[in-house]
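1. Mind looking at a prediction? Sequence and model below.
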Protein chains: 2
Amino acid sequence: MIDKLEMFIALAREEHFGRAAAAQGVTQPTLSAAIKQLEDQLGVMLVWRGSRYRGLTPEGQRALDWARRIVGDTRSLRQEMRVAREGLAGDLRLAVIPTALTVVSDLTAEFSETHPNVRFTVQSKTSAEILGMLENLEIDAGLTYLDNEPLGRVTTVPIYSERYVLVARAGHPLLNAPVAWGDLGDVPLCLLTPDMQNRRIINQHLAEAAVEVAPQIESTSIVVLVSHVLRSNWATILPVRAAEIFLKGDDLGSVPIVNPDARHAVGLVAPHREPFTPVLAALMDRARAVSEMAVG
Amino acid sequence: MIDKLEMFIALAREEHFGRAAAAQGVTQPTLSAAIKQLEDQLGVMLVWRGSRYRGLTPEGQRALDWARRIVGDTRSLRQEMRVAREGLAGDLRLAVIPTALTVVSDLTAEFSETHPNVRFTVQSKTSAEILGMLENLEIDAGLTYLDNEPLGRVTTVPIYSERYVLVARAGHPLLNAPVAWGDLGDVPLCLLTPDMQNRRIINQHLAEAAVEVAPQIESTSIVVLVSHVLRSNWATILPVRAAEIFLKGDDLGSVPIVNPDARHAVGLVAPHREPFTPVLAALMDRARAVSEMAVG
DNA sequence: TCGTTTGATAGAAGTATTCTATCGAAAGGT
DNA sequence: ACCTTTCGATAGAATACTTCTATCAAACGA
């Protein structure tokens, strides 16, 4: 039964029998049979059938909610028993927004010393993807914005507040003093793509300052933005924590962007499943510790 | 997996391999094998082994919590799909404290008219048993006291407030005016047994009034109490709602017991499992409706 | 000490699951 | 309109798993 629920979740996620089967490590006929058996056992259609996948029925949607919970709790059971057996161990899957990638090591470095048998897998994803992956049980926790976007049934631990700086090549004329959002109208900019929440936040502040920008370079990668800035007179807008790793040398400079001194909360997001598994509880403890260090 | 968790829950409840197997409709070797497989899959011992059942290990206790949740959610999934298929239907298992038995029909009578395909199974149990059965998934909901006793992870819907009357044969000298708890010291009484919460509540009020009683008749059955009262000069203390069904004729009389005019909340208790299954949600709606009628 | 109770074990029978191979229907491109 | 590709369902064989009956050994109680 639980295997079938796993396959059902995979099907809802992949929206494709073949891919879902591959993701589950079974062949397509096996997955087809599993879905059909699930439908027989529950006595309702879960998936609209045609010659291809056409989405879930309303009952399928409700069943998916239960399936996620049942499968998630089952994994929690397995994980907790594993911890009882061999202490904190296992693989902790994180997904992180690009602008928070440098913060991950604050969480993991000390954690790994205390719990050497816990492995981390860190993916860079958009905030929307992170929430979807949390729902689908593809990750154990995420590092993302805590406000602005609708969060589901999750527990959050604030870690720090994002503040923004303008980053440009050393000698750029705007680097002499703090710059206001309203001053950025004519500056050639490289920015993240508009599907990313950081960009939407920046857009919002620029719009509030009645500034319109048309960045010549858009990317999902901060590295791409910074390397462009390094080569030309382009500038970019980055959160302090994301920018500082590139400011070690003398090639780049930064100034705070003020008026307003915008802040956006970033933190750990985990599925709300009481009681928390030991590994997740430990990670949340660590996040709270990092949060206090940031305040102090 | 889920079958094995069911068997594990049954074993923890019955504390006996043979009885648990019988309860699950399998043979004892099957249940033994299931538990062993569960232990193998989870990699931990769940049950202390000897030549007989010796209780759960600490890991077994934790696993039991998860198992109850997983199995409960699985049943909810099945039930909700059944409702989607054929409307509100199925078997709703209730356990009720004896003093609230007459209230059950307030819940069920109208409910059955609206939902004729829902069957009820009503058991008379003590409040402690009700909570245990809720945990073990043996019942879907209970009707019991909402205060005084520790409730677990449950949702409650208050229905009415218990008030107490003295019940005696017509002509009994105490029936002329309301009687105080403190006046009951020398009255020959029949009461429920002390393992029942109603009796503990009554004891508490008597103790607060500095009265000691040694009932000559104790029973777990209100019918036994009333039939004794009918035959002799004994009196008994009952909640109004439990007494009124016996007061239809002229043989018995009742007076309120005051000073204080004691009240104790009674209501529906159901496992807290969001979202609620449709049948349970409907029953809770009905309980809220009954509650408002009682107030008005 | 002897009978009874309790849970574990062995082996056979039955049931379920998964695979490979193949098919038919629908989409998409030319 | 036709051909190709993609997608999911189906059939049948091999395999794995589950459950049963029968039996055993250990421990408890009289």
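-> Perfect, I can see it now.

2. Quickly check: the biggest helix by length in chain A near chain B or not.
-> The longest helix of chain A (DSSP state H) is helix A:58-86. Yes: if you take Cβ under 8 Å from any Cβ of the partner chain as the test, helix A:58-86 does meet chain B, through A:58-59, A:62-63, A:65-67, A:69-70, A:73-74, A:76-78, A:80-82, A:84-85. C-beta here means a position set from N, CA and C on the backbone, and glycine is covered the same way.

3. Check which helices and strands that helix is in contact with.
-> Packing partners of helix A:58-86 (3 or more Cβ pairs under 8 Å, 6 or more residues apart in numbering or on different chains; DSSP states H and E): helix A:2-14, strand A:90-96, helix A:278-295, helix B:28-42, helix B:58-86.

4. buried stuff in it?
-> Neighbour-count burial for helix A:58-86 flags A:59-60, A:62-84 (criterion: 16 or more other Cβ atoms under 10 Å in any protein chain shown).

5. can you give me phi and psi for the residue of the stretch 101-250 of chain A found nearest chain B?
-> Of all residues in the stretch 101-250 of chain A, residue A:153 sits closest to chain B, at 8.6 Å by Cβ to the nearest Cβ. The phi/psi pair for residue A:153 (degrees, to the nearest 10) reads phi -80, psi 80.

6. Residue A:63 versus that one, what's the distance?
-> 17 Å (Cβ to Cβ, to the nearest Å).

7. And for residue A:47?
-> Residue A:47 sits 10 Å away from residue A:63, going by Cβ to Cβ.

8. Kindly report the same for residue A:244.
-> Residue A:244 is 47 Å from residue A:63, by Cβ to Cβ.

9. Grab the nearest non-local neighbour of residue A:232.
-> Nearest residue to residue A:232 in three dimensions, chain neighbours excluded: residue A:169, at 7.5 Å (Cβ to Cβ, 6 or more residues apart in numbering or on different chains).

10. Quick check: the gap between that neighbour and DNA strand C.
-> Relative to DNA strand C, residue A:169 is positioned 44 Å away (Cβ to the nearest atom of the strand, to the nearest Å).

11. low pLDDT regions in chain A?
-> Within chain A, the segments meeting pLDDT under 70 span A:148-150, A:294-296.

12. How is it partitioned into domains?
-> A:2-73, A:87-160+A:265-295, A:164-262 (automatic domain parsing).

13. Let me have those in CSV, extended by distance to DNA strand D.
-> Shown next, in CSV, are the domains of chain A (distance: least, Cβ to the nearest atom of the strand, whole Å):
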stretch, distance to DNA strand D
domain A:2-73, 3
domain A:87-160+A:265-295, 18
domain A:164-262, 24
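
14. between these, which gets nearest to residue B:98?
-> Closest to residue B:98 of those is domain A:87-160+A:265-295 (Cβ to Cβ; 33.8 Å).

15. Next, residue A:27: phi, psi?
-> Residue torsions, per degrees, to the nearest 10, at residue A:27 are phi -90, psi 160.

16. isn't it right next to residue A:20, touching?
-> No: look at residue A:27 against residue A:20 with Cβ atoms under 8 Å: they stay out of range, at 11.3 Å.

17. Of those two, which one has the most company?
-> residue A:20 (25 against 12; other Cβ atoms under 10 Å in any protein chain shown).

18. give me the element the more buried one is part of.
-> helix A:17-24 (DSSP states H and E).

19. Kindly report the same for residue A:215.
-> Applying DSSP H and E, one finds residue A:215 in no helix or strand.

20. still on that earlier bit, and the helix holding residue A:20, which residues are buried?
-> Within helix A:17-24, the residues that qualify as buried are A:17, A:19, A:20, A:21, A:23, A:24, counting by 16+ other Cβ under 10 Å.

21. give the contact list for the fifth one.
-> I take that to be residue A:23. Applying Cβ atoms under 8 Å, 6 or more residues apart in numbering or on different chains, we find residue A:23 in contact with A:10, A:13, A:14.

22. Not counting sequence-adjacent ones, nearest residue to the first one?
-> Sequence neighbours aside, residue A:20 is the residue nearest to residue A:10 in space, at 4.1 Å (criterion: Cβ to Cβ, 6+ apart).

23. what do you get for the last one?
-> Sequence neighbours aside, residue A:20 is the residue nearest to residue A:14 in space, at 4.2 Å (criterion: Cβ to Cβ, 6+ apart).

24. ok, the residue nearest to residue A:76 when sequence neighbours are not counted - contacts?
-> Among residues not flanking residue A:76 along the chain, residue A:277 sits closest, at 4.9 Å (Cβ to Cβ, 6+ apart). Contact analysis of residue A:277 by Cβ under 8 Å, 6+ apart lists A:76, A:79, A:80, A:83.

25. so the second one touches residue A:279, yeah?
-> Yes: the pair residue A:79 and residue A:279 qualifies as a contact (Cβ under 8 Å) at a distance of 6.5 Å.

26. Can you list the residue ranges for strands in the stretch 101-250 of chain A?
-> Along the stretch 101-250 of chain A, counting by DSSP state E, counting those that start in this stretch, strands occupy A:118-124, A:141-145, A:154-162, A:164-169, A:179-180, A:189-192, A:217-219, A:235-239.

27. Single out the most deeply packed of those.
-> strand A:235-239 (a mean of 27; mean count of other Cβ atoms under 10 Å in any protein chain shown).
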